[in-house]
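Q: One predicted model, sequence on top.
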Amino acid sequence: MKKSILLLAVTAMFLGACGNNSNKDTTSTNTKTVATGNEAVVTLSSGDDMKFDQSEIKVKAGQTVKLTLKHTGNMDATIMGHNFVLLASGVDFDGFVTAAMGAKATDYIPASMQSDVLAHTKVVGGGETVTIEFTAPAAGTYDFLCSFPGHSGLMKGKFIVE
């Protein structure tokens, strides 16, 4: 019961703080991509501070992207879970975030918006790591985010395909 109340309080606090989402990046622009042949190996980390360690990821069109998400914090996935979601071009960022809040059973990927997601990880908690592979889309700039409720205000960036 106390855990549920804490989760609700934390979620409410972050939703209130993120209510005016202008898509302004507040994280660093470090990029940590290693390209080997036709593969881009990306490591993205975040912890209990609700920040990705990079706000920009660059790859080449058609490359196989091997993305590893590391949760460097200590908090459980039910309290401070993180995921990586790559949105298709033209997807309404705020609309996706709103729809994702009610999609806990599907790792905060709304069933009605599956076609708007190019790639995503499951939600991980402190100390956990998850790796996915996908093919980089056509050249362009795409949004990525953590869709755990209240996180996208700080946990977002640009996925640049050259």
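A: Nice, I can see it.
Q: quick one: residue 112 is in a helix?
A: Yes: counting by DSSP: H, G, I helix; E, B strand; the rest coil, residue 112 is part of a helix.
Q: Got the confidence number for it?
A: Note on residue 112: pLDDT of 94.
Q: right, and it touches residue 102 too?
A: No: checked against CB atoms under 8 Å, the pair residue 112 and residue 102 is beyond contact range at 10.3 Å. Any C-beta I mention is one placed from the backbone N, CA and C, and that applies to glycine too.
Q: which of the two has more neighbours?
A: residue 102 (11 against 8; other CB atoms under 10 Å).
Q: Does that one fall in a helix, a strand, or a coil region?
A: Of the three states, residue 102 takes coil according to three-state DSSP.
Q: Please state the backbone phi and psi of it?
A: Note on residue 102: backbone dihedrals following degrees, to the nearest 10 are phi -100, psi 10.
Q: buried sites along stretch 151-162?
A: 151, 152, 153, 154, 155, 156, 157, 158, 159, 160, 161 (16 or more other CB atoms under 10 Å).
Q: any idea how far residue 66 is from the last one?
A: When CB to CB, to the nearest Å is the yardstick, residue 161 and residue 66 sit 15 Å from each other.
Q: Same question for stretch 108-115: list its buried residues.
A: Neighbour-count burial for stretch 108-115 [16+ other CB under 10 Å]: 108, 109, 110, 113.
Q: Dump those into CSV; add distance to residue 49 as well.
A: Converted to CSV, the buried residues of stretch 108-115 look like this (distance: CB to CB, whole Å):
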residue, distance to residue 49
108, 19
109, 23
110, 26
113, 27
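Q: Relative to residue 125, which of those residues is nearest.
A: residue 108 (13.5 Å; CB to CB).
Q: How about that closest one: what's its closest non-neighbour residue?
A: Once flanking residues are discounted, residue 108 sits nearest to residue 147: 4.0 Å by CB to CB, 6 or more residues apart in numbering.
Q: residues touching that neighbour, list them.
A: Applying CB atoms under 8 Å, 6 or more residues apart in numbering, one finds that residue 147 lies in contact with 83, 85, 96, 97, 100, 103, 107, 108, 109, 120.
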